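Participant: Pasting a predicted model and its sequence here:
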Amino acid sequence: MKITAIKTNKIKANSDLFMIFDHFLKKPKENSILAVTSKIVSLCEGNVIPISKIIDKKELVYKEADYYLPKEKNKYGIILTLKNGLLVPTAGIDESNCDGNYVLWPKDPQKSANQIRKYLRNKYNLKNFGIIITDSKTSPLRWGTTGIGIAYSGFTPLNNYIGKGDIYGRKMKITRANILDGLAVASVLVMGEGSEQTPMAMIDDLNNVKFCDKNPSQKEIDNLVISPEDDLYGDLITSVKWKHKRNI
């Protein structure tokens with residue numbers, strides 16, 4: 001696998017995302033995937049709020065989250081949230097490299113992924129081509145951030161090993177390889193988290209990725225998410241009293 005970060009200019013709010021692709025993106029190869037940070041998608045959508053207009057960031061986080069734990073629940077004063085089926089800090093709201101704005105998650109990450117894929121496939125006459133919209137997250141019991149895919153299109157996000165034999169013929173019972181997040185982690189590592197100014201990365205020479213000639217269905221998207229009662233960590237997730245944004 002080869003991942004190449006793509007340098008751009010500074011992306012400002014209300015920029016034209018497709019013009020950015022036209023200017024900075026070379027023709028992709030067949031059987032490749034483009035990773036795009038959620039931040040530049042949101043900036044180009046204008047899904048930003050000037051920091052000067054927000055009196056208290058926590059109210060904005062509470063509004064954007066599906067569920068949240070108040071910042072008083074941890075020593076860092078960071079609000080832990082559930083949003084779009086993902087466990088992330090501050091509902092994905094970011095203020096780094098944002099020119100005095102709070103940048104929210106894209107309004108509809110899946111719609112954005114589908115549109116980007118359609119545009120680039122048509123422009124370059126590609127058959128097998130995928131898109132990942134990435135963000136960063138923290139992990140329990142580990143310092144540091146890693147990448148995660150918040151939307152995808154053009155490939156199968158999970159490789160199912162259930163029922164297949166290992167090298168000794170023992171059939172596997174629960175293993176599903178998460179292709180989406182694995183590629184997101186590697187791409188975010190290459191793109192960087194600071195002043196690198198590389199908000200896109202092209203992923204080539206892929207193995208174990210199954211491309212498909214369609215956008216994911218809602219059922220396929222839903223199948224990525226585990227309900228708390230079926231989650232290995234369900235007891236941890238449900239043992240605290242999450243607040244819902246309807247309560248604010």
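Facilitator: Right, received. Where do you want to start?

Participant: From now on I want contacts and neighbour counts done on CA atoms only, so please keep to that.
Facilitator: OK.

Participant: give me the element Ala186 is part of.
Facilitator: helix 179-191 (DSSP states H and E).

Participant: Run through the neighbouring helices and strands of that helix.
Facilitator: strand 2-6, strand 129-139, strand 142-153, strand 158-160, strand 200-204 (3 or more CA pairs under 8 Å, 6 or more residues apart in numbering; DSSP states H and E).

Participant: For Leu86, which of those is the nearest?
Facilitator: The closest of these to Leu86 is strand 142-153. By CA to CA, the value is 8.3 Å.

Participant: So what touches the closest one?
Facilitator: 109-110, 113-114, 117, 130-139, 180-182, 184-189, 214-216 (CA atoms under 8 Å, 6 or more residues apart in numbering).

Participant: which of the residues you listed count as buried?
Facilitator: Buried members of the contacts of strand 142-153, counted by 16 or more other CA atoms under 10 Å: 109-110, 113-114, 117, 130-137, 180-181, 184-189, 215-216.

Participant: sorry, back to before: tabulate the helices and strands packed on helix 179-191 in CSV, adding columns for mean pLDDT and distance to Lys53.
Facilitator: Conversion of the helices and strands packed on helix 179-191 to CSV gives the following (pLDDT from 0 to 100; distance: least, CA to CA, whole Å):
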stretch, mean pLDDT, distance to Lys53
strand 2-6, 98, 33
strand 129-139, 96, 25
strand 142-153, 96, 27
strand 158-160, 84, 41
strand 200-204, 98, 30
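
Participant: can you list those strands in JSON lines and add distance to Asn223?
Facilitator: Conversion of the helices and strands packed on helix 179-191 to JSON lines gives the following (distance: least, CA to CA, whole Å):
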{"stretch": "strand 2-6", "distance to Asn223": "27"}
{"stretch": "strand 129-139", "distance to Asn223": "17"}
{"stretch": "strand 142-153", "distance to Asn223": "13"}
{"stretch": "strand 158-160", "distance to Asn223": "9"}
{"stretch": "strand 200-204", "distance to Asn223": "24"}
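
Participant: Compare these and give me the one nearest Asp66.
Facilitator: strand 142-153 (14.8 Å).

Participant: what angle do that closest one and strand 129-139 make?
Facilitator: 150 degrees (axes from the mean of the first three to the mean of the last three CA atoms, to 10 degrees).
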